[in-house]
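Asks: Sequence below, structure please.
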Amino acid sequence: MKNKIQLITYINRIGCKNTNELKSLLTTELKGLFGGVHLLPFFYPFDGEDAGFDPIDHQQVDKRLGTWNDIKELSSEVAIMADLIVNHVSAKSIAFKDYLEKGGNSAYKSLFLTYDKVFPKGASEQDLLMVYRPRPGFPFTSFDFADGSKKLIWTTFTTNQIDIDVYSKLGTSYLDNILITFQKAGISMIRLDAAGYAIKKQGTSCFMIDETFEFIGNLTKKAKSKNIEVLVEVHSHYKTQIEIAKQVDYVYDFALPLLVLDTIFNKNSNNLKKWLKISPKNVITVLDTHDGIGIVDVASENGIPGLIDDVTVDKIVNKIHNNSKKSSLKATGVAASNLDLYQVNCTFFEALAKNENDYLIARAIQFFVPGIPQVYYVGLFAGENDLELLQKTNVGRDINRHYFTKSEINQKIIATYFIKLKELMLLRNNHIAFNGEFQLLETKENILHIKWILNEDWAELKVDLILMKMQINYSK
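Replies: Here you go, the predicted structure:
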């Protein structure tokens, strides 16, 4: 992966109808801004119940978006990352429908994770209570088979997302074949989606257990053998991220978004500075993604302190809701379906009360801290909460998944805010100092001073959190 800013986007929500139009956008209006692009699920169908994260066919490009040849052509212009959805497939897939029809006689039987595979002698109340849940309720769904029988199947996320038995031969070959398809299409990086939930074991939380680390490590080796780099997506306590980072190419710095808000809201950079001193450096930095703003990434866990004390975390969350004029409350927690317990659904721009100065400072911090910055397409254009889409779908995360039209994009790219952001992005992409040594200078809590040095070249960011002003200086 190039040490340049990466874009994360849906193909059809950034003023484009298909892959070819996205290629045109990246090579014209957005030329020079991105060293790579993470294409959010473009598999068939891209518009399922979970916006493509419930693929019926993970090895088929949805024809409405293009073909594998189109993906390969795009890869000749910009490095592509794609999602390897390791935990589940759609209940509407050919394999699962065959299983429901034929039961034990189905050739696909071993692909799916049933309740009794993990709990062959049944589960105690304690066993069930130990299972870590990203959403309310238990991770099982009762399905009716053609012969009239019923069976509990693992459905960690939704009833349309059927968990895979990744230990089975079919599960292994299923993931291996996706890697082969990706390699042929020129995809140079994968994000392991929901990898933390892939391994289930009785008597454990079934989330990021020792076997999960082993699974991620083995899958990473397979990908690297095909010259594909690996990014792991896990929302968890910061110490877990540090451990995962030792095994893979990259992890997300999911702690950064709330730490940046903490820094700006409380005029205090101490928590951010502490993190930057211990954080892994092989990270993809984000402020926003297609999901919400993570909370567990900075909070305490089982009595172990987090990066921000829990009282302050609660205050930050409340301020996000207030800054968005309560619109984020309509999309967060029990207010919307497909909810996540560990995230606030809100655009980052709205979280900062749509203050362009504060938002540009937040982006500058992201671009100057260690790691490769990734910018979400909504955040690129300082998008606002899409209440119309939320009302239409009642899916909380859709508040931050706006469908931009081409005319909206044309208006956004000539706005004063975007011109300033573009200048900042070009500096981050092209100044040689960002390939050098990172320095966090000692300052008072209300000052953040970051510097990069490579031989005689240097670039620095200094933020006064009281005045909310930033200075960026660099060698010419």
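
Asks: contacts, neighbours, all on C-alpha from now
Replies: Fine.

Asks: Quick check: which ranges of the stretch 301-450 of the chain have low pLDDT?
Replies: Applying pLDDT under 70 to the stretch 301-450 of the chain flags the ranges 334-341.

Asks: Next, please give the residue ranges for the strands of it.
Replies: 343-344, 372-376, 437-440, 447-454 (DSSP state E, counting those that start in this stretch).

Asks: hmm, who's touching the shortest one?
Replies: Applying C-alpha atoms under 8 Å, 6 or more residues apart in numbering, the set of residues contacting strand 343-344 from outside is D291, G292, I293, G294, I295, V296, V317, S328, A331, T332, G333.

Asks: returning to that earlier point: just the strands of the stretch 301-450 of the chain: most buried one?
Replies: strand 372-376 (a mean of 27; mean count of other C-alpha atoms under 10 Å).

Asks: Remind me what that strand packs against, helices and strands.
Replies: Under the contact definition 3 or more C-alpha pairs under 8 Å, 6 or more residues apart in numbering; DSSP states H and E, strand 372-376 sits against strand 6-9, strand 283-285.

Asks: State the paired neighbours of whichever helix or strand comes after the last one in the sheet, together with their directions.
Replies: If you walk from strand 283-285 toward the C-terminus, the next helix or strand you reach (DSSP states H and E) is strand 293-294. Partners of strand 293-294 in the sheet, by DSSP bridges, are strand 343-344 (antiparallel).

Asks: How far off centre is the partner strand?
Replies: Its chain's C-alpha centre and that of strand 343-344 lie 13 Å apart, by C-alpha atoms, centre = their mean, to the nearest Å.

Asks: Now do the same contact list for the most centrally placed residue in the chain.
Replies: With distances taken as C-alpha atoms, centre = their mean, T289 lies nearest the centre of the chain, 5.4 Å away. Going by C-alpha under 8 Å, 6+ apart, T289 touches I8, V375, Y376.

Asks: Now do it against L84, distance only.
Replies: Going from T289 to L84 by C-alpha to C-alpha, to the nearest Å gives 17 Å.

Asks: pLDDT at the closest residue to I71 other than its chain neighbours, what is it?
Replies: Setting aside the residues directly before and after it, I71 is nearest to A185 in space (C-alpha to C-alpha, 6 or more residues apart in numbering), at 6.3 Å. Listed pLDDT for A185 reads 97.

Asks: Pull the number of nearby residues for A185.
Replies: Using other C-alpha atoms under 10 Å, A185 has 19 other residues around it.

Asks: how about it, what does it touch?
Replies: So A185 contacts W68, N69, I71, K72, S75 (C-alpha under 8 Å, 6+ apart).

Asks: before we move on, what about F112?
Replies: Contacts of F112 by C-alpha under 8 Å, 6+ apart are F96, I153, I162, D163, I164, D165, G171.

Asks: ok, now Q161?
Replies: D54, H88, V89, S90, A91, T155.

Asks: ok, for it, nearest residue in space, not its chain neighbours?
Replies: In space, and not counting its chain neighbours, Q161 is closest to S90: 4.9 Å by C-alpha to C-alpha, 6+ apart.

Asks: so how far is L307 from F254?
Replies: Separation of F254 from L307 (C-alpha to C-alpha) stands at 12 Å.

Asks: For these two, indicate the residue with more neighbours.
Replies: The residue with more neighbours, out of F254 and L307, is F254; 28 against 21, by other C-alpha under 10 Å.

Asks: Now do the same contact list for the more buried one.
Replies: Counting by C-alpha under 8 Å, 6+ apart, F254 makes contact with H235, T285, V286, L287, G294, D297.

Asks: So how do I select the buried members of those residues in ChimeraX?
Replies: Those of the contacts of F254 that count as buried under 16 or more other C-alpha atoms under 10 Å are selected in ChimeraX with:
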select :235,285,286,287,294,297
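
Asks: between the contacts of F254, which is closest to I432?
Replies: The closest of these to I432 turns out to be T285 (C-alpha to C-alpha; 18.9 Å).

Asks: what comes up buried for stretch 182-199?
Replies: Buried positions in stretch 182-199, judged by neighbour count with 16+ other C-alpha under 10 Å: 182-183, 185-199.

Asks: try stretch 98-113
Replies: Neighbour-count burial for stretch 98-113, counted by 16+ other C-alpha under 10 Å, picks out D98, Y99, L100, K102, G103, Y108, K109, S110, L111, F112, L113.

Asks: Just confirm the third one is within a helix.
Replies: Yes - secondary structure assignment places L100 in a helix (DSSP: H, G, I helix; E, B strand; the rest coil).

Asks: so where does T212 fall, helix or strand?
Replies: Element membership of T212 [criterion: DSSP H and E] is helix 210-225.

Asks: Tell me the helices and strands packed up against that helix.
Replies: Applying 3+ C-alpha pairs under 8 Å, 6+ apart, we find helix 210-225 packed against strand 229-232.

Asks: what pairs with the strand it packs on, and is each one parallel or antiparallel?
Replies: Strand 229-232 is paired, per DSSP bridges, with strand 189-193 (parallel), strand 250-253 (parallel).

Asks: Run a quick neighbour tally on the residue lying closest to L448 once chain neighbours are set aside.
Replies: Nearest non-adjacent residue to L448, counting by C-alpha to C-alpha, 6+ apart: V463, 5.1 Å away. Neighbourhood size, V463 [other C-alpha under 10 Å]: 22.

Asks: V463 pairs with what?
Replies: The partner residues for V463, given DSSP bridges, come to L448, M470.

Asks: which residues touch it?
Replies: Counting by C-alpha under 8 Å, 6+ apart, V463 touches I361, I447, L448, H449, K469, M470, Q471.

Asks: Export these as CSV, with columns for distance to N227.
Replies: Below are these laid out as CSV (distance: C-alpha to C-alpha, whole Å):
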residue, distance to N227
I361, 36
I447, 42
L448, 38
H449, 37
K469, 43
M470, 40
Q471, 40
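
Asks: Nearest to I414, out of those residues: which one, please.
Replies: Closest to I414, out of all of those and judged by C-alpha to C-alpha, is I361, at 19.7 Å.

Asks: Do I have it right that that closest one meets M470?
Replies: Yes - assessed by C-alpha atoms under 8 Å, I361 is found in contact with M470 at 6.7 Å.

Asks: if we can go back for a sec, closest to L22 among the contacts of strand 343-344?
Replies: Using C-alpha to C-alpha, D291 is the member of these that lies nearest L22, at 21.5 Å.

Asks: Burial check on the closest one, number of neighbours?
Replies: Neighbour count of D291, defined by other C-alpha under 10 Å: 18.

Asks: For the closest residue to it other than its chain neighbours, give its distance to D50.
Replies: Leaving aside its sequence neighbours, D291 sits nearest to R397 (C-alpha to C-alpha, 6+ apart; 5.8 Å). When distance is defined by C-alpha to C-alpha, R397 is 10 Å away from D50.
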